[in-house]
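Engineer: I'll drop the sequence and a predicted model, then ask my questions.
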Amino acid sequence: MEKTHKIDVVSIRLVEEPPLYSSKELKNPCDVAELFQDFLKDCDREMFCILNLRTKNQVINVNVVGMGTLNSVLVHPREVFKSAILSNASSIILAHNHPSGDPEPSRHDIEVTKRLAEAGNLMGIEVLDHIVVAENRYFSFREENILPEYFQMEEVAAEQSLPY
């Protein structure tokens, strides 16, 4: 008689948490920044989030990808794109906070953004922007034309309705 081996079958699911409310539609980087400033205002350490979007850029959900220290948060494409894939997102907006009060991105922030944009291109999930929030200020990679080869918004805007 042959011995049988048990192999567990698992499933991965998104678990809904209490909703995040916004008093306005997200039409531009400032609107997205205000949403995340409110969401992350009481955090004493860096938090990295993604906003998952449908094909016509309607918001699906927000996912907190990582929690770091006072001045850094480690993120990996695997974790960033997990909820995007499970949410069937066609694009994402990256966002994280700087508890220091200065939204200027670090060299590491720029490198991580480039890496995530490259990973998104491979998976067909476009990274539309990366917004760094701090107190009442924000920094939008898109508005500042950082890594323009990855944020080709003019071509996309001509093809579909964008949130901004």
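Structural biologist: Nice, I can see it.

Engineer: List phi and psi for Glu34.
Structural biologist: Phi and psi for Glu34, reported as degrees, to the nearest 10, are phi -60, psi -40.

Engineer: Look up how far Pro103 lies from it.
Structural biologist: 13 Å (Cβ to Cβ, to the nearest Å). Every C-beta, even on glycine, is put in place using the N, C-alpha and C of the backbone.

Engineer: more neighbours, those two?
Structural biologist: Pro103 (21 against 18; other Cβ atoms under 10 Å).

Engineer: For stretch 100-110, which outside residues touch it?
Structural biologist: The set of residues external to stretch 100-110 that reach it, using Cβ atoms under 8 Å, 6 or more residues apart in numbering, is 70-72, 96, 98, 113, 130, 132-135, 137-139, 141, 146-147.

Engineer: What residues of it count as buried?
Structural biologist: 103, 105, 109 (16 or more other Cβ atoms under 10 Å).

Engineer: Ends of that stretch, what's the gap?
Structural biologist: 18 Å (Cα to Cα, to the nearest Å).

Engineer: Report the mean confidence score over it.
Structural biologist: Per-residue confidence for stretch 100-110 averages out to 95 on the pLDDT scale.

Engineer: Each with direction, which strands does the helix or strand containing Leu51 pair with?
Structural biologist: Assigned by DSSP states H and E, Leu51 falls within strand 47-53. Its sheet considered, strand 47-53 pairs with strand 59-67 (antiparallel), strand 91-97 (antiparallel) by DSSP bridges.
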